[in-house]
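Undergrad: Build the 3D model from these lines:
(one chain, ligands or ions: 1)
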Amino acid sequence: MRYTRASVPDDQLYLASTAVVMSEVIKGLACVALLHFSGPLHQRTWQRLTSLLHRELISNWRETAKLAVPATLYLIQNNLQYVAATNLDAATFQVTYQLKILTTAFFSVVILKRTLVRLKWIALGLLTFGIALVVLPRDASAAAMAYLTGNYQDNLEEATIDTSNLGNQSNAKGFFAVLMACILSGLAGVYFEKILKAPATKPMPEMVNTLDHGEPDDEEGGIGLRDIHGRREDVMQQTQQQNQLWIRNLQMSFFSILLGLVFVVMLQDGATIVQKGFFVNYNSLTWLVIAIQAFGGLVVALVVKYADNILKGFATSISIILSSLVSVWLFNFTLSGTFIFGTALVIYATYLYGL
Ligand code: C5P
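TA: This is a model prediction of the structure:
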């Protein structure tokens, strides 16, 4: 993403707002495809799919409406991130944004009534501090190391953060934006988790039909038949749970596309789109970035469903470290002292949280 944004002149840039909407469109289409192919072969008809979509998105509008909340929160969060990144230097932004690990834990306790013992809070604190050190860029990292080792004055000249091109940044505005983004990240994630993990309402009719198809009702077949029946029910439950996940994502994409088109695309880039088109400056790499974003969103949903938002914090922290290590090999990225110290803290925090 960085490559497609930073490597081209301003007049050849694609519109980020349309890219965000397109990744939601792809996510939504992927969910539709997953729902379609989850059914047995003989039921994969256009009719079944349209009736399923009609029921889940329109007839079941009360359930659909619930997803407007996380979709709106994520939309504001994504825009606040942009405000924060514009008004704060990259280091401050990256480091303060890690506070979302703690806000997520806070909302998990308050909304999901999860209990976190003291050891887990300590692990979360260490994780936040560790990953903040890991994402610290080299210049800020050198300043931090000099400060920690007491050589601050001696190293001041080479270690200070470059403040020569701060432009018209507003630190207060940037801090406010990043803090709000952290709160919204935690709230949106936990709210989505609450909806996902709520007990399923009614079984989907076509699933019940599948189970009943050719299955005798009585138990004359003895224990063997009961076993098969039980196993079938397990499979049905699993498929249904998985389908609920794709339906939830589809409902959320629906609102994200709607809100994104109205508030971001039209209000922010309306004039450019009328003049140059929706897909101005798109190329194959743009589509690749959009596809990765869409795929990432689906993976986040799976993580939230089968693990939780707090564990997602650990997973993303470790992924930051792994991708930095790959950067050593691919881009000659050099590891700083704070990176290694931060990595050790993240690994220790992960171990501590798992105790
Ligand atoms: O920074 P944070 O971890 O909160 O970002 C999570 C990202 O995952 C958001 O950009 C959100 O749009 C995306 N997401 C998604 N589908 C979900 C849940 C989150 O695309 N079901």
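
Undergrad: near the ligand, which residues of the stretch 251-355 of the chain?
TA: Counting by Cβ under 6 Å from any ligand atom, the positions of the stretch 251-355 of the chain adjacent to the ligand are 252, 297, 300-301. Where you see a C-beta, it was placed from the backbone N, CA and C, and this is true even at glycine.

Undergrad: Neighbour-wise, give me the winner out of these.
TA: In terms of neighbours by other Cβ atoms under 10 Å, those top out with Met252 at 27 neighbours.

Undergrad: which ones are touching the residue in the stretch 101-250 of the chain that the ligand sits nearest to?
TA: Residue of the stretch 101-250 of the chain nearest the ligand, by Cβ to the nearest ligand atom: Ser185 (3.4 Å). Taking Cβ atoms under 8 Å, 6 or more residues apart in numbering as the criterion, Ser185 is in contact with 77, 100, 103-104.

Undergrad: same thing with Ile247?
TA: By Cβ under 8 Å, 6+ apart, Ile247 lies in contact with 31, 35, 56.

Undergrad: how about 10 Å then?
TA: Going by Cβ atoms under 10 Å, 6 or more residues apart in numbering, Ile247 touches 31-32, 34-35, 52-53, 55-57, 60, 63-64, 67, 204.

Undergrad: just the residues you listed now: which is nearest Gly270?
TA: Nearest to Gly270 among these is Leu67, at 25.7 Å by Cβ to Cβ.

Undergrad: Am I right that the closest one is in contact with Ser256?
TA: Yes - Leu67 lies in contact with Ser256 (Cβ atoms under 10 Å); the separation is 9.0 Å.

Undergrad: so Leu35 touches Arg55, yeah?
TA: No - assessed by Cβ under 10 Å, Leu35 is found out of contact with Arg55, at 11.5 Å.

Undergrad: neighbour-wise, which of the two wins?
TA: The neighbour comparison of Leu35 against Arg55 (other Cβ under 10 Å) goes to Leu35, with 21 against 13.

Undergrad: For Ala294, see how far away that one is.
TA: 16 Å (Cβ to Cβ, to the nearest Å).

Undergrad: hang on, the earlier thing: common neighbours of Leu67 and Ser256, please.
TA: What both Leu67 and Ser256 touch, as defined by Cβ under 10 Å, 6+ apart, is the set Asn249.

Undergrad: between those two, who's got more neighbours?
TA: Ser256 (27 against 22).

Undergrad: Wait, that one touches Leu75, no?
TA: Yes - Ser256 is within contact range of Leu75, at 6.5 Å (criterion: Cβ under 10 Å).

Undergrad: in this structure, what secondary structure element scores lowest on mean pLDDT?
TA: helix 205-212 (a mean of 45; mean pLDDT, DSSP states H and E).

Undergrad: low pLDDT regions in the stretch 201-350 of the chain?
TA: 201-232, 235-236, 238 (pLDDT under 70).

Undergrad: Please work out which residue of the stretch 1-150 of the chain is closest to the ligand.
TA: Residue nearest to the ligand within the stretch 1-150 of the chain: Tyr74 (4.3 Å; Cβ to the nearest ligand atom).

Undergrad: and that residue, backbone torsions?
TA: When read as degrees, to the nearest 10, the backbone of Tyr74 gives phi -70, psi -40.

Undergrad: give me the element the residue nearest to it when sequence neighbours are not counted is part of.
TA: Excluding the flanking residues, the one nearest Tyr74 by Cβ to Cβ, 6 or more residues apart in numbering is Ala188, at 5.0 Å. Taking DSSP states H and E as the criterion, Ala188 maps to helix 171-197.

Undergrad: Show me which residues of that helix are buried.
TA: 174-175, 177-193, 195-196 (16 or more other Cβ atoms under 10 Å).
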